[in-house]
Structures are given as C-alpha cells and as structure tokens.
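In: just to be clear, the model below is a prediction. Sequence and coordinates:
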Amino acid sequence: MPVGIVIRRVPGVTRWAKHVWKAVAVLPGAGSANWKELRRDGEAVEYHAATLPLELFRTDTEAYSHGLSAKVPAIYVVMRPGEGEAPLDIVLATASPYEAQDYADTGEELVEKVAMPDGLIAWIRDFVQLHHEDEVFIKRRRDKTRVDRKEDGIGDARIRQVSDVYRAPSSKETVH
C-alpha cells in the first residue's frame, strides 16, 4: 500500500540547528509527492515529503501483532540526512517495531514513530489474522553420550598430576 509521509519543520532552539524535522503523520493510499508543502502555521511548515510502499510480509506477522498491541499502534519512518536538494531522504516506512529497532541501533538513521490511522490498523490486523501461524515449540533433547569421562585438552600439559588438572605447578617440579 502506498503511504505518504508528512514531515513538519519547526525552528530550532539552538544556534547549531536552524530547523528541527519530525515525521508527524502518514497518509494511506497517497499519490506521489516530492516535498510538497501542505500547510504553514507561522514558522512551522508541514510537507508531504514522499510516498513509499508499506510492504507486509507473512514472516513478520509476530512483529506486526506486537506493534498492534501497543498502547498507540505506530508506523515507523526511517530517514537519513538529505544528499540532494531535499533536507531528508525518506528511506522506509514499516509497521514492524523489530525492523525499526534494527535501524535505530545503527545510529546512522533517524527513526520516528507516527501514530497509525484506524484504516491502516484494520488492514494490518486483517493481514495478521490471515497469515499468522504460531511457531510450534520443539523441546531440545539431550543426547545420551557421557562427556564427563575423558578430559582431552583440559588444563596444562606440563602438569603431571591427573587428579587436579587446574593446579599450578609447585616450585619443586621442573617445568620446561
């Protein structure tokens, strides 16, 4: 589903940052746009920055259901500093909090959490109900081999005593 990303620019509060950019909304089913100005309120300006596909995968249904169970379900917008005329490059829009966490861990991208509209919540919930399969828990069984009978490679080979392989050599013993 195409999703439009709305970015708000407000004046910065320090002399080092002229502007502060924040993803504030998503527009499900939006047409293409390239930093189209939507509204201006004093010095705050909102732009329809880009339209990205919101893709859902059957293998990520656990992540989607985890995101839907949050107090406020969200779409995560991943952005990078712009390399061209645009101030920010919008990289990804995802409904998976796990994928968003992966991007946030790198520290190179800015990840914003945007409240999910009701129609999008219903669409993702239907997808999860259709494709989610609980993972069957398979208990690991131990094999019957005994590992405590032989101690190959444990301890220092220079120690002659078999009873305590972790013992330090005494001063009376000759160590080569």
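Out: Looks like it arrived, so ask away. Numbering: from 1, shown residues only.

In: which residue ranges of the protein form helices?
Out: Along the chain, the segments classed as helices by DSSP state H run 61-68, 97-106, 118-131.

In: how about those helices in a markdown table, adding distance to Ala25 and mean pLDDT?
Out: Bear in mind the C-beta positions are built from the backbone N, C-alpha and C, glycine included. Formatted as a markdown table, the entries for the helices of the chain read as follows, by distance: least, C-beta to C-beta, whole Å; pLDDT from 0 to 100:
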| stretch | distance to Ala25 | mean pLDDT |
| --- | --- | --- |
| helix 61-68 | 17 | 90 |
| helix 97-106 | 17 | 90 |
| helix 118-131 | 11 | 91 |
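
In: of these, which stretch is the most buried?
Out: Mean neighbour count (mean count of other C-beta atoms under 10 Å) peaks for helix 61-68 among those, with a mean of 18.

In: what's the angle from it to helix 118-131?
Out: Using axes from the mean of the first three to the mean of the last three C-alpha atoms, to 10 degrees, the interaxial angle of helix 61-68 with respect to helix 118-131 works out to 150 degrees.

In: which outside residues touch helix 61-68?
Out: Under the criterion C-beta atoms under 8 Å, 6 or more residues apart in numbering, residues 56, 73-74, 95-99, 121, 124-125, 127-128, 131-133, 135 lie in contact with helix 61-68.

In: quick one, what contacts the residue nearest the centre of the chain?
Out: Centre of the chain computed as the mean C-alpha position; nearest residue by C-alpha atoms, centre = their mean is Gln101, 2.2 Å away. Residues counted as contacts of Gln101 (C-beta under 8 Å, 6+ apart): none.

In: quick one on the thing from earlier: and the helices of the chain: which comes nearest Trp21?
Out: Comparing the helices of the chain against Trp21 with C-beta to C-beta, the closest turns out to be helix 97-106 (16.4 Å).

In: out of the helices of the chain, which comes closest to Ile5?
Out: Each of the helices of the chain has some distance to Ile5 by C-beta to C-beta; the shortest is helix 118-131, at 13.0 Å.

In: ok, Glu109 touching Val91?
Out: Yes. In this structure, Glu109 sits in contact with Val91. The criterion is C-beta atoms under 8 Å, and the distance is 6.5 Å.

In: what do the two both touch?
Out: Contact criterion C-beta under 8 Å, 6+ apart; residues shared by Glu109 and Val91: Val78, Met79, Arg80, Tyr103.

In: can you pull the contacts of the last one?
Out: Read it as Tyr103. Tyr103 sits next to Tyr76, Val78, Val91, Leu92, Glu109, Val111 when contact means C-beta under 8 Å, 6+ apart.
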